[in-house]
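**Q** Here's a sequence, model it:
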Amino acid sequence: MTRLTLLLILALAALVHAQSRKLVIAESPKPATVEGYERGHCVALRNRIRVCKVLSETDALFLVEKEGKTLGTWGANTYLGETGDFSVMQGDLDGDRKPELIIANRDSTSVGIAVSVWSIAIFAHSDFSDFQPPLTFSVKEYGNLGTFVSNAGHLNILTTNWISGEDPKRKRGEGLYLVGQWWRYYRGELAPLPRNIVARRYLLSFERERLATLESDQIPYKWLANRNTEFVSTDFITGASNSSKRGVIESVSAKDENSPYRIVNIMFKPDGEQALEFIYPNENENGPFVDRYLGDAVSGRVYPERYLLSDLGKWLTGRRATLRTYNDNRTEILWLEPQKGTK
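**A** Next up, the predicted model:
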């Protein structure tokens, strides 16, 4: 009897652990009245917490309330003034058996082939005992189960972007590709997974499949789990480098302390030269032809657009990095070397 009881306890523990690794999607946002804002939608969670997207005359924001008190806010983008086009989820992304809170917001949808841009926010603690800004990044194309993909007991993250490039096999000319990179959330950041970068050319068959499945919650993974998908290198994403400067990040500061939109000034000092300013992420501050990204130098992976950690200054300050330019100096990537004390 004792052995049977022990086996039942172990089986139950394994089941609870397996359930914690699944993505639990909350109910759809509901119209709500939030004091001080013209319009809003909210999602109610446990412990009298609710996540709201609100719109005022000047700003669109996300806010978290607990027992009617605002715990914190961060900037949001609205598509056609909508406040209900977001999803709230919980899942154990890092394997510590404590669920993270995830908010995915549709920022915009383009004309033409209707590319949707989504911003994703991940909170390390879903109880908000101590509100900290979320980890945020953007993707082009999104589905709850196609961006957060369950595999072998883990929730992996597939970030995607549309890129024009040459045929990796050199059999065709330039074309449009959906490119995907794999990550895992770990200690408040995205860690590159040792999996190939994948790309699928936008041919007529892909166009038909895409138009028929745009509302599926399993995209973009469903689109890239196709026999026509190819493996590509980072060079396919970046192109050839025009210049390179190695140095150190001296400081990181908010461009506007009062703005809910997180734009930062990164002071990067190339070796033997004066420090230069790297405004990140690009918000038309760098001129109309400059896009700026962060990259992981060890893996050679480019982080998703608008990749911002909760404490970006702590993560970046003092790190060695290499600033490379691409695409006739229209793209700049700050390649980050490992932090001191890490490999």
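**Q** what stretches of the stretch 151-300 of the chain score poorly on pLDDT?
**A** Scanning the stretch 151-300 of the chain for pLDDT under 70 picks out 257-260, 282-289.
**Q** rerun that using 90 as the cut-off
**A** 151-153, 168-173, 254-263, 281-291 (pLDDT under 90).
**Q** hey, where'd the helices end up in the stretch 201-343 of the chain?
**A** Secondary structure of the stretch 201-343 of the chain (DSSP state H, counting those that start in this stretch): helices at 204-213, 221-224, 234-238, 312-316.
**Q** Just name the most buried of these.
**A** helix 221-224 (a mean of 20; mean count of other C-beta atoms under 10 Å). For the C-beta atoms, the positions are set from N, CA and C on the backbone; glycine is no exception.
**Q** Of all the helices of the stretch 201-343 of the chain, which one is nearest residue 136?
**A** Closest of these to residue 136 is helix 312-316, at 10.2 Å (criterion: C-beta to C-beta).
**Q** tell me what the closest one is packed against?
**A** Under the contact criterion of 3 or more C-beta pairs under 8 Å, 6 or more residues apart in numbering; DSSP states H and E, helix 312-316 touches strand 241-254, strand 264-270.
**Q** Would you reformat those as TSV and include mean neighbour count and distance to residue 98?
**A** Converted to TSV, these look like this (neighbours: other C-beta atoms under 10 Å; distance: least, C-beta to C-beta, whole Å):
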stretch	mean neighbour count	distance to residue 98
strand 241-254	15	28
strand 264-270	18	28
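**Q** Adding distance to residue 221, write those strands out as TSV.
**A** Listed next are these as TSV, based on distance: least, C-beta to C-beta, whole Å:
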stretch	distance to residue 221
strand 241-254	30
strand 264-270	31
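**Q** between these, which one is nearest to residue 24?
**A** Closest of the helices and strands packed on helix 312-316 to residue 24 is strand 264-270, at 32.5 Å (criterion: C-beta to C-beta).
**Q** quick one: contacts of the closest one?
**A** By C-beta atoms under 8 Å, 6 or more residues apart in numbering, the list of residues contacting strand 264-270 from outside reads 245-255, 275-280, 308, 312-313, 316, 321, 323, 334.
**Q** and it, how far from the chain's centre?
**A** 22 Å (C-alpha atoms, centre = their mean, to the nearest Å).
**Q** got it, and stretch 103-115?
**A** Mean-position distance between stretch 103-115 and its chain equals 14 Å (C-alpha atoms, centre = their mean).
**Q** Do me a favour and get the end-to-end distance for it?
**A** 19 Å (C-alpha to C-alpha, to the nearest Å).
**Q** Go through it and flag the buried ones.
**A** For stretch 103-115, the neighbour count (16 or more other C-beta atoms under 10 Å) marks 103, 104, 105, 106, 107 as buried.
**Q** quick one: the strands in the stretch 1-150 of the chain?
**A** All strands of the stretch 1-150 of the chain, identified by DSSP state E, counting those that start in this stretch, fall at 24-25, 30-31, 39-45, 49-55, 60-66, 69-75, 86-91, 100-109, 116-123, 135-140, 148-151.
**Q** can you redo the helices of the stretch 201-343 of the chain as CSV with distance to residue 123?
**A** What follows is the helices of the stretch 201-343 of the chain, written out as CSV (distance: least, C-beta to C-beta, whole Å):
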stretch, distance to residue 123
helix 204-213, 29
helix 221-224, 23
helix 234-238, 28
helix 312-316, 16
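**Q** Could you work out which of those helices reaches nearest to residue 165?
**A** The nearest among those, by C-beta to C-beta, is helix 234-238 at 5.5 Å.
**Q** which residue is nearest the centroid of this structure?
**A** residue 137 (3.0 Å; C-alpha atoms, centre = their mean).
**Q** Name whatever forms a beta bridge with that one.
**A** Beta-bridge partners for residue 137, by DSSP bridges, are residue 120.
**Q** quick one, what contacts it?
**A** Contacts here follow C-beta under 8 Å, 6+ apart; on that basis residue 137 touches 119, 120, 159, 190, 303, 304, 305, 306, 307, 308.
**Q** which secondary structure element contains residue 164?
**A** In the assignment (DSSP states H and E), residue 164 maps to strand 154-165.
**Q** Who are the packing partners of that strand?
**A** Checking 3+ C-beta pairs under 8 Å, 6+ apart, strand 154-165 ends up next to strand 135-140, helix 144-147, strand 148-151, strand 175-186, helix 221-224, helix 234-238.
**Q** how about the last one as CSV, C-alpha atoms only?
**A** Extracted as CSV, the C-alpha positions of helix 234-238 are listed here (Å, rounded to 0.1, in the frame of the first residue of the first chain):
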residue,chain,number,x,y,z
THR,A,234,22.5,34.4,-40.1
ASP,A,235,24.1,36.0,-43.2
PHE,A,236,20.8,35.4,-45.0
ILE,A,237,19.1,37.7,-42.5
THR,A,238,21.8,40.4,-42.3
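**Q** Walk me through the domains of this protein.
**A** According to automatic domain parsing, the chain comprises the domains 22-140, 144-232, 240-336.
**Q** All set now, cheers.
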